[in-house]
Structure formats: C-alpha cells, structure tokens
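In: Sequence first, predicted coordinates after that:
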Amino acid sequence: MNAALIDIAANLIEWLAGDFCHDQDIAGLLEGLGVRLRNAGIALDRLALHLLVIDPEILGRTLAWSPGETVETVSRLHGFEYSAGSRKSPIRHVLETGKWFSLRADAVDADSWFTHEVYHGRSLTERLYVPLKSGETWIGAICFASRNPQGFTAEDRTLFHRILPALRSGIELKALQERGANLLDTYIGSETGRRILAGHVQRGDVETIEAALMLCDMRDFTGLSNRLPSERVLGLLNDYFDQVLPAITRHGGEVLKFIGDAVLASFHIGDDPARNSQAAFAAAHDALAELARVKTAEIDIKAGVALHYGKASYGNIGSGHRLDFTVIGPDVNLTSRIQSVCGTTGHPLLMSRRFAELLPQIETSSVGTHDLKGFAEKIELFAPTDTWLPAGS
C-alpha cells in the first residue's frame, strides 16, 4: 500500500470516526463516503447499502448513492423473495458465506444473479458486495459499483479493506439507533418512545398533557374468544386493528395503549382543544366506517368508541428493573367508563359533555345520565346524530 493510499485511508477512517460523520444519518454517511471516495480517484459510480431491519412490515431497506444524485431509498416488505426462479441473490450469498463477492457484467454466470433495481440501467461493469457483521449480528451488506471497464483495481480493494472496520462501526451505530427507535415506536408508540430515549425511565417519572382521548373497544370479544379457535380470534383482532389504527394515525393521533381488544389513543396536535377534538372525532368516525365495511364468515366486526377531553398522565409503574410505561388519571378512567356504556346502550360512539361542547358543528343528542363506576355523580353522555354516523355502525 503506497503512501498516498495510506493517507487516503487514514483521512477516511478519521472522517468515519469523527463528530461530523457521527451527526449524519445513514443517508448522509453514505453520500459523504461516496463523495470522498470519488475525490480520492476511485471509479465509484454507485454505492449501495443493503440493511437488514427489525420491523413488523419491512424485511430490508436499501439506500443507494451516485455522483450528482440524492440518496435513493427502497424498502422491501416481508414476503419479498430476492431469488427469482433460478437466480441467486448476491446479498444473501455474502451474508451466508461471510466473504466478499465480485459480480462482473461480463461474467459467464452474470444472468444467474438477481439484480436489485437500484443498479438497473447504469451500465455497471462490476458490483463488489461486502458483508457487514458485528459479532454474531448481521447488519447487512454494502456494494461498491463501477462503470470502469476494468472494474476496481487491487489498490481500490485494499483501500476498501482498510476502511471497512471504521465504516462497519459507523453504520452499525446508526443502524442500532434506528432499530431501537423503530422497536419502541412499534411496541409503545413514537411519543412514548421519544420520552424513554430522552431518559424518562425512572419509576414515578410523570408528565401530564391535556388532549382529546379516544378509547375504541371491539364488541363481544370475550364471546368470540370462547367460540372460535385462538388462531382465528387473533386474525379477527388484527383485522379489527387494521381498520382502527390507520384512522387514528391519519388524523394525528397517538396510540397510547393496547388493552386486550381495546385501543387508547390521544390527540394532541396543538394547544387548541377544539382542533384536537375535531381530529379525534374524525378518527372515530373513520374507524367505525372502515369496520362497517369488513365482512367475515363469523361476524360483522363492530366496536364501541368513547371520546372525552381531559388530562392524561404518562408515568412509569412497576418494580425494580421491570417497568411499564402507562397512562393514568381521572379523565382516562372516565373515557374507559364512557366506553362501557356503548355496550349497554348499543351506541357505537359516545362522548362526554366537555367533548361535545368543543365541537358545536357536530349535531349531538343527550343519551341521559349514567352511573359510572368510580364516579360519585351521574355523568351525562352524548351521541352524534345519525347524519354524523357512518352507515352500518
């Protein structure tokens, strides 16, 4: 390795380990590396990072950079098969063997290998796939690709080998950070995940917000659980959540908690109570409308929705090292009790007076006062008129 190449490698390693690179996201790291390799005289025309992700919907994600272009991102959903027919996946190959793999366009078996669309139409003569592994954990693979007729030189490969440990560490750090945030978002929600990552992990650590609260509960879930096989019940439950959750997130809501077949959500788009309540009502309306369209062999999936405006306190409960991040408070309890009246009265959507008054444009009618467990006084509840309810709810 000549002196010039040693200097280039040292500068790249210093950059990969430095604060500027540390502050970049994965796309920024990829672009910065590509530009620096090109400036070093490497005939690099495509640099792609194939990441393995832990996500309930996505199998993997590819980020690709080329000179003068923005970083392109392509995600693969679970179920995608990289090997089509007899074609083999170079990504899977390097992950299984743990070895570098050069795929040249003029190779006799070039057509037997799967080509990701990020490489299509670029006249690439060589794609050099490099596995990325940290301990026993596979991160993914990075691919250096060139249009140079000779492909990469021996010195190019030496440079790639020299910078690989620092490159792998930089990618690993960002991938792990992304995985952690994604897992928290998946299991406890983005806002709660943000609080945990910010250090709110001590028992008794509480923050109170004022928001529109929505509780949606599936009708006759206990009866279904007793009548149907567990696998079918889980399928129906997922069908139900597939209608309710998108309606909540589409209108800016945050799912705070799954309670069996119930979903507790808050709407805190801003400081305007009327705006928050309008979003919650729209989400409840859409959720009921979507559920009305779902037809199964066993039942028509129905739900009862409660709406209230009040305070919710985020807090850690538990003992020692085992905690749960939950939502508590009188207004949360009231929302739950309002939902129970949906089942006894047959109303698909009920709201408190406080909530109804925040939405004067919604026509509502009183459904009387009700004794709610845990509340000393009777609570008057309101339901939207038929013109504000989706058909079939």
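Out: Nice, thanks for sending it over. The structure presented is a predicted model; accordingly, all values stated were derived computationally and were not measured.
In: Could you tell me which helix of this structure is the longest one?
Out: The residue-count maximum for a helix in the chain (DSSP state H) belongs to helix 154-188.
In: and that helix, what other elements does it pack with?
Out: Packing partners of helix 154-188 (3 or more C-beta pairs under 8 Å, 6 or more residues apart in numbering; DSSP states H and E): helix 3-17, helix 19-22, helix 26-39, strand 46-52, strand 126-134, strand 137-146, helix 190-197. In this view, the C-beta of every residue, glycine as well, is placed from N, C-alpha and C.
In: ok and the longest one relative to helix 154-188, angle-wise?
Out: For the pair helix 3-17 and helix 154-188, the angle between their directions (axes from the mean of the first three to the mean of the last three C-alpha atoms, to 10 degrees) equals 10 degrees.
In: Got the domain ranges for this structure?
Out: Following the assignment in automatic domain parsing, the chain carries domains at 3-188, 194-388.
In: what's the span of the first one from first residue to last?
Out: Right, the one you point to is domain 3-188. Domain 3-188 stretches 52 Å from its first residue to its last (C-alpha to C-alpha, to the nearest Å).
In: how far is it from where the chain is centred?
Out: 23 Å (C-alpha atoms, centre = their mean, to the nearest Å).
In: Any stretches of the stretch 1-150 of the chain with poor pLDDT?
Out: 1, 79-86 (pLDDT under 70).
In: can you give me the helices for this protein?
Out: Under DSSP H, the chain gives helices at 3-17, 19-22, 26-39, 90-97, 154-188, 190-197, 221-227, 230-250, 273-293, 330-345, 353-357.
In: Give the other helices and strands that the fourth one contacts.
Out: Looking back up the chat, that one is helix 90-97. Using 3+ C-beta pairs under 8 Å, 6+ apart, helix 90-97 is in contact with strand 101-104, strand 126-134, strand 137-146.
In: List the buried residues of it.
Out: Neighbour-count burial for helix 90-97, with 16 or more other C-beta atoms under 10 Å as criterion, is recorded at 90-91, 93-95.
In: Turn the residues you listed into a markdown table, including distance to residue 135.
Out: As requested, the buried residues of helix 90-97 are exported to a markdown table (distance: C-beta to C-beta, whole Å):
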| residue | distance to residue 135 |
| --- | --- |
| 90 | 23 |
| 91 | 20 |
| 93 | 21 |
| 94 | 17 |
| 95 | 15 |
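In: Just name the closest of these to residue 9, please.
Out: Nearest to residue 9 out of these is residue 94 (C-beta to C-beta; 22.1 Å).
In: ok, for the closest one, nearest residue in space, not its chain neighbours?
Out: Residue nearest to residue 94 in three dimensions, not counting chain neighbours: residue 131, with 4.3 Å by C-beta to C-beta, 6 or more residues apart in numbering.
In: Looks like the one you found contacts residue 98 (just checking).
Out: Yes - between residue 131 and residue 98 there is a contact under C-beta atoms under 8 Å: 5.6 Å.
In: higher neighbour count, these two?
Out: Of the pair residue 131 and residue 98, residue 131 is the one with more neighbours under other C-beta atoms under 10 Å, namely 22 against 9.
In: Identify the bridge partners of the more buried one.
Out: Listed beta-bridge partners, residue 131: residue 141 (assigned using DSSP bridges).
In: Now do the contacts for residue 26.
Out: Residue 26 makes contact with 49, 51, 63, 171, 174-175, 178, according to C-beta atoms under 8 Å, 6 or more residues apart in numbering.
In: what about it, distance to residue 219?
Out: Taking C-beta to C-beta, to the nearest Å as the measure, residue 26 falls 44 Å from residue 219.
In: Tally up the residues packed near residue 199, please.
Out: Residue 199 is flanked by 8 other residues according to other C-beta under 10 Å.
In: now do residue 209
Out: By other C-beta under 10 Å, the residues close to residue 209 number 14.
In: Now for it: which residues touch it?
Out: Shown in contact with residue 209 (C-beta under 8 Å, 6+ apart): 266, 268, 311-312, 314.
In: hmm, 6 Å instead?
Out: Contact analysis of residue 209 by C-beta atoms under 6 Å, 6 or more residues apart in numbering lists 268, 312.
In: contacting residues around stretch 166-184?
Out: Stretch 166-184 has contacts (C-beta under 6 Å, 6+ apart) with 13, 16-17, 26, 29, 54-55, 132, 134, 139, 193.
In: Export those as a markdown table, with columns for distance to residue 246.
Out: Formatted as a markdown table, the contacts of stretch 166-184 follow (distance: C-beta to C-beta, whole Å):
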| residue | distance to residue 246 |
| --- | --- |
| 13 | 45 |
| 16 | 40 |
| 17 | 42 |
| 26 | 27 |
| 29 | 32 |
| 54 | 22 |
| 55 | 17 |
| 132 | 34 |
| 134 | 35 |
| 139 | 31 |
| 193 | 19 |
